[in-house]
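K.L.:
Here is a sequence together with a model predicted from it:
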Protein chains: 4
Amino acid sequence: MSIIKMIQEHPDVGADFNEALGEAVRHAMYCAAICNSCADACSAEEGDVRACIRLCMDCSDICTATYRVATRRTAGNVAVIEAQLRACITACEQCIEECAKHDNDHCRRCAQMCRECAHDCLKALNGMRQAA
Amino acid sequence: MSIIKMIQEHPDVGADFNEALGEAVRHAMYCAAICNSCADACSAEEGDVRACIRLCMDCSDICTATYRVATRRTAGNVAVIEAQLRACITACEQCIEECAKHDNDHCRRCAQMCRECAHDCLKALNGMRQAA
Amino acid sequence: MSIIKMIQEHPDVGADFNEALGEAVRHAMYCAAICNSCADACSAEEGDVRACIRLCMDCSDICTATYRVATRRTAGNVAVIEAQLRACITACEQCIEECAKHDNDHCRRCAQMCRECAHDCLKALNGMRQAA
Amino acid sequence: MSIIKMIQEHPDVGADFNEALGEAVRHAMYCAAICNSCADACSAEEGDVRACIRLCMDCSDICTATYRVATRRTAGNVAVIEAQLRACITACEQCIEECAKHDNDHCRRCAQMCRECAHDCLKALNGMRQAA
């Protein structure tokens, strides 16, 4: 199942499908799920995991809002998408930095996911500025 | 990136990973995204799309809660996961019925996604009852 | 600002406004916020707070879906609202039981909030069954 | 029930409770609920309501992320709260502009709610910058 193909089937989307934004949606969707899982896995680890729980929950909530808003193609809402992409990049960056401190597989996977998400959100944001 | 591998990296999950529940998480995550997109695409279509917007938004919200709750592996919350899987199956069934009335690609894709999600949630629910 | 008055301003809602369901929406909205805060506060407490973090996060996610779905008045979706109210009652009950174990103000407040939410969701559910 | 009192009961929050941020949380929580209701009510109205549905859904999603993130007091995440407050202000401003075009009670209420939310988010944002 593909969220990118789904967006292309919107009646107002045609040849000018924004590929970079589609990739950002796909990765923010995954990042929301991975960060939600990492917050839960961290809460079951020994040691001081409080910061990791908090930053992962924040990143999950922000990625959820980001992918939902950036998915929509009705009526346009460019300034809001841009502001939300910026918030998403910041949330991912904080989460990468924190997860990098913890030596376990779920934090490594979460940091990698956040890196891909931040990269794609930045690419989408740059693409939107050029188009404006 | 794989949400199923992520769940397996939880410190309390090992050989007894619940595969059916993992599949339900993965499909509910996608279904949340596809239904959110279908509600938006429907709002741009001609004709009476009100029921489709509403049922897709409901299904997206319920799939989001379902995959987030069913992802967690800390401390256990079986009765809640079961009740939420049931709500998710009902939401998907209503969405399938409504999307089947509309002759467009995004409603067909959404109905197909909801079918897979309902199928996997039912399988996960049956698995949990047998285990109990 | 009142979510109950807002629902009454929906073009399809008039004299037959479902008061019990309105109260359930209002309390599930608050309960989503209170449980989200309790999960965060618990993660900063000493001792074994893992179960409380998890059950509060589950309850917050489920209350969010519940109030969003139960708010909508376009096209009707009774079976889905009922299933989601049931999931919400179960989530609140588990959260009450866990929060009652912890001697701090935020867990006491969270348990009280979950009690009110579960009570109103049950009342709304019973009202919907009688109407059917 | 008060989300502001709840935040004050967090173990790391004491005399230095950030009142402006607390107000932003409270209003963003309400604004998430009101915008979700307005999107639904708009979809039941006659006329071209597509832009209003979309902007209200975007604003609801962003307010949800904003209040959840800004509620948390564990470990600190100032840069993320600031970026999310900025996205929330932008989302509210777009929603106000669109709702002001529609002559019905729910759009008037939604615009008023968004004004209060944007005002409080801006006040909280300015407070955080001064503190930094």
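P.N.:
Sure thing, it's come through.

K.L.:
low-confidence ranges in chain A?
P.N.:
A:130-132 (pLDDT under 70).

K.L.:
Remind me what the helix ranked longest in chain A packs against, helices and strands.
P.N.:
Longest helix of chain A, by residue count under DSSP state H: helix A:105-131. On a contact count with 3 or more Cβ pairs under 8 Å, 6 or more residues apart in numbering or on different chains; DSSP states H and E, helix A:105-131 meets helix A:19-43, helix A:50-71, helix A:78-99, helix B:3-8. Glycine gets a C-beta too; all of them are placed from N, C-alpha and C.

K.L.:
Quick check: closest non-adjacent residue to the residue positioned nearest the centre of chain A.
P.N.:
The residue lying closest to the centre of chain A (Cα atoms, centre = their mean) is residue A:28, at 2.6 Å. Using Cβ to Cβ, 6 or more residues apart in numbering or on different chains and skipping the chain neighbours, the partner closest in space to residue A:28 is residue A:67 (3.8 Å).

K.L.:
Please apply the same query to residue A:93.
P.N.:
That would be residue A:118: by Cβ to Cβ, 6+ apart, it lies 6.0 Å from residue A:93.

K.L.:
okay, now the one you found: neighbour count?
P.N.:
A total of 24 residues lie near residue A:118 under the criterion other Cβ atoms under 10 Å in any protein chain shown.

K.L.:
so can I have TSV of the helices and strands packed on helix A:105-131 showing distance to residue D:80?
P.N.:
TSV is the format used below for those (distance: least, Cβ to Cβ, whole Å):
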stretch	distance to residue D:80
helix A:19-43	12
helix A:50-71	5
helix A:78-99	5
helix B:3-8	22
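
K.L.:
Would you mind telling me which of those helices is nearest residue D:98?
P.N.:
helix A:78-99 (11.2 Å; Cβ to Cβ).

K.L.:
Enumerate the positions of that closest one that are buried.
P.N.:
Residues A:80-96, A:98-99 are the ones in helix A:78-99 that count as buried (16 or more other Cβ atoms under 10 Å in any protein chain shown).

K.L.:
Next, the angle from it to helix D:50-71.
P.N.:
Angle of helix A:78-99 versus helix D:50-71, following axes from the mean of the first three to the mean of the last three Cα atoms, to 10 degrees, is 30 degrees.

K.L.:
If you count contacts, what does helix A:78-99 end up packed against?
P.N.:
Using 3+ Cβ pairs under 8 Å, 6+ apart, helix A:78-99 sits against helix A:19-43, helix A:50-71, helix A:105-131, helix D:50-71, helix D:78-99.

K.L.:
can I get the CA coordinates of the second one in PDB?
P.N.:
Right, the one you point to is helix A:50-71. Extracted C-alpha coordinates of helix A:50-71, given in PDB (Å, rounded to 0.1, in the frame of the first residue of the first chain):
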ATOM      1  CA  ARG A  50      13.300  10.200  30.800                       C
ATOM      2  CA  ALA A  51      14.700  12.600  28.100                       C
ATOM      3  CA  CYS A  52      14.400   9.900  25.400                       C
ATOM      4  CA  ILE A  53      10.800   9.200  26.300                       C
ATOM      5  CA  ARG A  54       9.900  12.800  26.200                       C
ATOM      6  CA  LEU A  55      11.700  13.700  23.000                       C
ATOM      7  CA  CYS A  56      10.400  10.600  21.200                       C
ATOM      8  CA  MET A  57       6.800  11.400  22.200                       C
ATOM      9  CA  ASP A  58       7.200  15.000  21.100                       C
ATOM     10  CA  CYS A  59       8.600  13.900  17.800                       C
ATOM     11  CA  SER A  60       5.900  11.300  17.300                       C
ATOM     12  CA  ASP A  61       3.100  13.900  17.900                       C
ATOM     13  CA  ILE A  62       4.700  16.400  15.600                       C
ATOM     14  CA  CYS A  63       5.400  13.900  12.800                       C
ATOM     15  CA  THR A  64       1.700  12.800  13.000                       C
ATOM     16  CA  ALA A  65       0.500  16.400  12.500                       C
ATOM     17  CA  THR A  66       3.100  17.000   9.800                       C
ATOM     18  CA  TYR A  67       2.200  14.000   7.600                       C
ATOM     19  CA  ARG A  68      -1.500  14.600   8.000                       C
ATOM     20  CA  VAL A  69      -1.300  18.200   7.000                       C
ATOM     21  CA  ALA A  70       1.300  17.700   4.200                       C
ATOM     22  CA  THR A  71      -0.900  14.900   2.700                       C
END
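
K.L.:
how far out from the middle of the chain is it?
P.N.:
Relative to the chain's own centre, helix A:50-71 is displaced by 7 Å; criterion: Cα atoms, centre = their mean, to the nearest Å.

K.L.:
Point out the other helices and strands that it packs with.
P.N.:
Using 3+ Cβ pairs under 8 Å, 6+ apart, helix A:50-71 is in contact with helix A:19-43, helix A:78-99, helix A:105-131, helix B:19-43, helix C:19-43, helix D:50-71, helix D:78-99.
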